[in-house]
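K.L.:
What follows is a predicted protein model with its sequence.
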Amino acid sequence: MKVYHFLLAATILISPGCALAGETVTMVPPPAVDQTASAKPETIVLAGGCFWGVQGVYQHMKGVTSAVSGYSGGKKETANYELVSNGDTGHAESVEVTFDPKVVSLGKILQVYFSVVHNPTELNRQGPDSGTQYRSAVFTTSSEQEKITRAYIAQLDKAKVYSGPIVTKVSSLEEFYPAEAYHQDYATIHPSQPYIAYYDLPKIENLSKLFPQDYRDNPVLVSENKASN
């Protein structure tokens, strides 16, 4: 992500098996309570570490019509990468996921989030990245989304599917600010970048293996959405 990422990545030797071996996955059960299918698209904002990998996963998920990297939780004037990287803006690196409920439910979006996107028991960090900007957080856009998300977290904690408690924070979305253009579609544009190869491509691979019915080879890209509008 930041300069630290590139320094760290330079010390990693990448091999086809190495990346998958370095990724921890917990296949969690689906939510006991899910939404009623709606004819209208829905949006939810998810934070789970570096937004490159989070975006990459959802861009490969059927029913997702848009996945945009950005910032949530802080003020508009601090919604830029240099300031957010300091860890004191209140922002989390986030991804705005827009999806078609007729194709994929909120429950499935959340199941993927808790299974392959990140480790929800890590507080203010993911993998090599630490700071509140890498926290686990769900920013909901409706009372139904918030109710389902909170119930799902309680369900997973009760079932003890992880070795520790879930630290994911749930709150209503106040505002989402898209990240700079060079952060969009990053995993697709830079698949050979060592950080992407080691930390993020395995997440996309795990999506294809654990949720084959929800996986698509061709990602929905921010650049393509802009071109079509």
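P.N.:
Thanks, I have it.
K.L.:
Specify the beta-bridge partners of Ser171.
P.N.:
Phe139 (DSSP bridges).
K.L.:
Can you tell me how far it is from Gly87?
P.N.:
Distance, Ser171 to Gly87, by Cβ to Cβ, to the nearest Å: 18 Å. All C-beta atoms are positioned from the backbone trio N, CA, C, and that covers glycine.
K.L.:
residues in contact with Val64?
P.N.:
Tyr58, Val97, Thr98, Phe99, Asp100, Val104, Ile109, Val220 (Cβ atoms under 8 Å, 6 or more residues apart in numbering).
K.L.:
Quick check: Thr98 vs Val45, distance?
P.N.:
10 Å.
K.L.:
which residues sit against the lengthiest helix in the chain?
P.N.:
In the chain, taking DSSP state H as the definition, the longest helix is helix 143-159. Helix 143-159 is contacted by residues 28-29, 31-35, 42, 44, 106-107, 110, 114, 138, 140, 162, 165-166, 168, 170, 172 when judged by Cβ under 8 Å, 6+ apart.
K.L.:
Now, of the residues you listed, which are buried?
P.N.:
Buried subset of these (neighbour count, 16 or more other Cβ atoms under 10 Å): 28, 31, 34-35, 42, 44, 106-107, 110, 114, 138, 140, 166, 168, 170.
K.L.:
now the helices for this structure?
P.N.:
Using DSSP H, helices in the chain cover 3-9, 16-21, 51-59, 81-84, 106-112, 143-159, 186-189, 194-195, 201-210, 222-228.
K.L.:
Need the mean per-residue confidence for the longest one.
P.N.:
The reference is to helix 143-159. Averaging pLDDT along helix 143-159 yields 97.
K.L.:
can you pull the buried residues of it?
P.N.:
Gln145, Glu146, Ile148, Thr149, Tyr152, Ile153, Gln155, Leu156.
K.L.:
Adding distance to Ala197, write those residues out as JSON lines.
P.N.:
Output for the buried residues of helix 143-159, formatted as JSON lines (distance: Cβ to Cβ, whole Å):
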{"residue": "Gln145", "distance to Ala197": "33"}
{"residue": "Glu146", "distance to Ala197": "36"}
{"residue": "Ile148", "distance to Ala197": "34"}
{"residue": "Thr149", "distance to Ala197": "31"}
{"residue": "Tyr152", "distance to Ala197": "31"}
{"residue": "Ile153", "distance to Ala197": "31"}
{"residue": "Gln155", "distance to Ala197": "34"}
{"residue": "Leu156", "distance to Ala197": "29"}
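K.L.:
Give me the pLDDT for Glu224.
P.N.:
85.
K.L.:
How many neighbouring residues does it have?
P.N.:
Applying other Cβ atoms under 10 Å, we find 13 residues neighbouring Glu224.
K.L.:
Repeat that for Ala37.
P.N.:
12.
K.L.:
need the contact list for it.
P.N.:
Pro101, Lys102, Ser105.
K.L.:
among the residues you listed, who's most crowded?
P.N.:
Most surrounded of the contacts of Ala37: other Cβ under 10 Å gives Ser105, at 22 neighbours.
K.L.:
That one is in contact with Gln35, isn't it?
P.N.:
Yes: the pair Ser105 and Gln35 passes the contact test of Cβ atoms under 8 Å, sitting 5.8 Å apart.
K.L.:
Centroid-nearest residue for this structure?
P.N.:
Val54 (2.9 Å; Cα atoms, centre = their mean).
K.L.:
unless I'm mixing things up, that residue is touching Leu46, no?
P.N.:
Yes: counting by Cβ under 8 Å, Val54 does reach Leu46; the two are 6.2 Å apart.
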